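Enquirer: sequence first, predicted coordinates after that:
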Amino acid sequence: MDYIKNYINKNKDRFVSELIELLKIPSISADPKYKKEVFFCADAVANSLKKAGAENIEICNTEGYPIVYADKIVNDKLPTILIYGHYDVQPPDPLELWDSGPFEPVIKKTDIHPDGAIFARGACDDKGQFYMHVKAFELMIKTKTLPCNIKFMIEGEEEVGSENLGDFVRNNKEKLKADAILISDTGIISNDTPSITTGLKGLSYLEVEVTGPNRDLHSGLYGGAVANPINILCEMIAKMKDEKNHIIIPDFYENVVELSDIERKEIARAPFSLSKYKDALDLSDVHGESGYTTMERTGIRPTLDVNGIWGGYTGEGAKTVIPSKAYAKISMRLVPNQSDFEITKKFTKYFNSIAPKSVKVEVRPHHGGEPYVSPIDSIAYKAASDAMQTTYGKKPVPVRSGGSIPIVALFEKELGLKSVLLGFGLDSDAIHSPNEHYGIFNYLKGIETISHFFLNFVKYKK
């Protein structure tokens, strides 16, 4: 398929410059200050799809941010691929840790990315990855080789829980009808070891509030006599796990599927260096649930983590107070057969039960999602696997990810479709962190691989 590589080589500079323009838009869905920019980004996505050759382009309004829909129906009798992605990005904080502006994209060479990487918020998650599909689609339109029907659904609320996507999917089942869903919002093991994500964790995300006295108090006059909400909150969080890092919320593991020794051996096939892992994170040692490897802890075991904790005085200098309130944001990553609704209920009940009478507590759920496992014997998976073997020269390793994409389970429930998670990011790309970046090699290799996926899917579907 020389025409695929030839088109990419001829247009790679333009592909990169177009992505850079998209990355300049601060489409931060979590911060209302950027509402105008998020809507502007939706327009930019729609325009890029139009230029690529898509038809029936719609900016579909929701109660929140719009969903961009477009399609190209070559022939009703041909298979249809539904492509999902998101154009919203995480907040860039803390800004002082960025080496360059989060919305001022720059290309820099690194040891891992000798061909250069684009440094910007959203470079890998998910603008760079969904834009690969736009460019692969353009390639096949311009070379008149598109073998199937393509539908795009690019949303603007993934980073805040996709609150309005469910209603959109339920209300547009006919519009979204397809044979498979293709998503690039995951990663590969390394540029030398391609992989396909076959499992995602579910998510229960919530915020807790602990209230003590009705106002901040002088810590000398009241210290030792009234409850300090920060102290209490820390004590309550400490009661979430035992000495083996086993989560001790009652019935938390009730529905967890334990993998067989054979399945665990398959996971162990993935190349992994514990020493390199520790070096990359500047760690003396890893930490986690006893009895499981690092790969198993992130891929097949549920977790509970405090994502943020605050309260009292945090400004310059000293202010001796017992705060009135303390807060924490907590996420729990779930594995197959766990329900985010049930886990949220169990957490809430347990958190209330361990609160002393000296404080009041409140648990506020934010968003969640169900875990997902993708079959590796489907036509879509085979098409993806063989496409990677063609472009990388190696058969990809199936892996389970510790990440969550809640809408994948939603798609299966509402549309009856399995998704193929064909991502190209690396663990080192610092998604959700300062200095997020995406390798130009990965970006262009993704465009090439996705093009082969389209061809394979139609061939195998016959």
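Expert: Yep, that arrived.

Enquirer: list the residue ranges of the stretch 51-200 of the chain that fall below the pLDDT cut-off.
Expert: Nowhere does the stretch 51-200 of the chain drop to pLDDT under 70.

Enquirer: could I get the full set of helices for it?
Expert: Secondary structure of the stretch 51-200 of the chain (DSSP state H, counting those that start in this stretch): helices at 127-142, 165-171.

Enquirer: can you list those in TSV and add mean neighbour count?
Expert: Just so you know, the C-beta spots here come from the backbone N, C-alpha and C atoms, and that holds for glycine as well. Output for the helices of the stretch 51-200 of the chain, formatted as TSV (neighbours: other C-beta atoms under 10 Å):
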stretch	mean neighbour count
helix 127-142	25
helix 165-171	17
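
Enquirer: dump those into TSV; add distance to Lys418 as well.
Expert: Output for the helices of the stretch 51-200 of the chain, formatted as TSV (distance: least, C-beta to C-beta, whole Å):
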stretch	distance to Lys418
helix 127-142	18
helix 165-171	15
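
Enquirer: which SSE is the residue sitting furthest away from the middle of the chain in?
Expert: Most distant from the centre of the chain: Leu221, at 47.6 Å, with distances by C-alpha atoms, centre = their mean. Counting by DSSP states H and E, the element that carries Leu221 is helix 219-222.

Enquirer: next SSE downstream of that helix?
Expert: Counting by DSSP H and E, the next helix or strand C-terminal to helix 219-222 is helix 229-238.

Enquirer: quick one: that following helix to chain centroid distance?
Expert: Relative to its parent chain, helix 229-238 has a centroid offset of 29 Å by C-alpha atoms, centre = their mean, to the nearest Å.

Enquirer: just checking, what packs against it?
Expert: Judged by 3 or more C-beta pairs under 8 Å, 6 or more residues apart in numbering; DSSP states H and E, helix 229-238 is in contact with strand 202-211, strand 303-311, strand 325-334.

Enquirer: from Gly312, how far off is the residue farthest from the centre of the chain?
Expert: 16 Å (C-beta to C-beta, to the nearest Å).

Enquirer: is it true that Arg121 touches Phe103?
Expert: Yes: if you go by C-beta atoms under 8 Å, Arg121 and Phe103 touch, sitting 6.3 Å apart.

Enquirer: which neighbours do these two have in common?
Expert: Common neighbours of Arg121 and Phe103, counting by C-beta atoms under 8 Å, 6 or more residues apart in numbering, are Leu23, Pro26, Pro92.

Enquirer: for Leu281, the count of nearby residues, please.
Expert: Using other C-beta atoms under 10 Å, Leu281 is surrounded by 10 other residues.

Enquirer: please parse this structure into its domains.
Expert: For the chain, automatic domain parsing gives the domain ranges 2-200+371-461, 203-256+302-369.

Enquirer: any idea which of those is most buried?
Expert: Ranked by mean neighbour count, the domains of the chain are led by domain 2-200+371-461 with a mean of 20 (mean count of other C-beta atoms under 10 Å).

Enquirer: what's around the nearest residue to Gly288 once chain neighbours are set aside, how many residues?
Expert: Excluding the flanking residues, the one nearest Gly288 by C-beta to C-beta, 6 or more residues apart in numbering is Arg297, at 4.1 Å. Using other C-beta under 10 Å, Arg297 has 19 neighbouring residues.

Enquirer: ok, the one 4 residues further on next?
Expert: Arg301 is flanked by 23 other residues according to other C-beta under 10 Å.

Enquirer: gap between the nearest residue to His246 once chain neighbours are set aside and Leu304?
Expert: Leaving aside its sequence neighbours, His246 sits nearest to Glu289 (C-beta to C-beta, 6+ apart; 6.0 Å). To Leu304, Glu289 is 10 Å away according to C-beta to C-beta.

Enquirer: what pLDDT does the residue nearest to Gly288 get?
Expert: Note on Arg297: pLDDT of 94.

Enquirer: before we move on, which element is it in?
Expert: In the assignment (DSSP H and E), Arg297 maps to helix 294-299.

Enquirer: what's that helix in contact with?
Expert: 199, 264, 267-268, 270, 272, 274, 277, 286, 288-289, 303, 399-402.

Enquirer: keep only those of the residues you listed that are in strands.
Expert: Gly199, Thr303, Val399, Arg400 (DSSP state E).

Enquirer: show me what the first one bridges to in the sheet.
Expert: When you say that, I think you mean Gly199. On the basis of DSSP bridges, Gly199 is bridged to Val373, Arg400.

Enquirer: that one against Pro371, yeah?
Expert: Yes: the criterion here is C-beta under 8 Å, and Gly199 meets it with Pro371 at 7.4 Å.

Enquirer: overlap of the contact sets of these two?
Expert: By C-beta under 8 Å, 6+ apart, Gly199 and Pro371 have these common neighbours: Pro336.

Enquirer: before we move on, back to that, what's the distance between the residue nearest to Gly288 and Leu426?
Expert: Arg297 is 19 Å from Leu426, where distance means C-beta to C-beta.

Enquirer: could you do Glu207 as well?
Expert: Using C-beta to C-beta, Glu207 is found at 31 Å from Leu426.

Enquirer: residue contacts, Asp216?
Expert: Applying C-beta under 8 Å, 6+ apart, we find Asp216 in contact with Gly312, Val321, Ile322, Pro323, Ser324.

Enquirer: again with Trp310
Expert: Listed by C-beta under 8 Å, 6+ apart, the contact set of Trp310 reads Ala326, Tyr327, Ala328.

Enquirer: go ahead and confirm the second one touches Val306.
Expert: No: the pair Tyr327 / Val306 is not scored as a contact, 10.7 Å apart, by C-beta under 8 Å.

Enquirer: sorry, back to before: so which of the helices of the stretch 51-200 of the chain gets nearest Gly393?
Expert: Shortest distance between Gly393 and those, using C-beta to C-beta, is found for helix 127-142: 19.2 Å.

Enquirer: going by contacts, tell me the helices and strands next to that closest one.
Expert: Packing partners of helix 127-142 (3+ C-beta pairs under 8 Å, 6+ apart): helix 2-23, helix 35-52, strand 80-86, strand 149-155, helix 440-461.

Enquirer: of the ones you listed, which is nearest Ser433?
Expert: Between Ser433 and these, the tightest spacing by C-beta to C-beta is seen for helix 2-23, at 15.8 Å.
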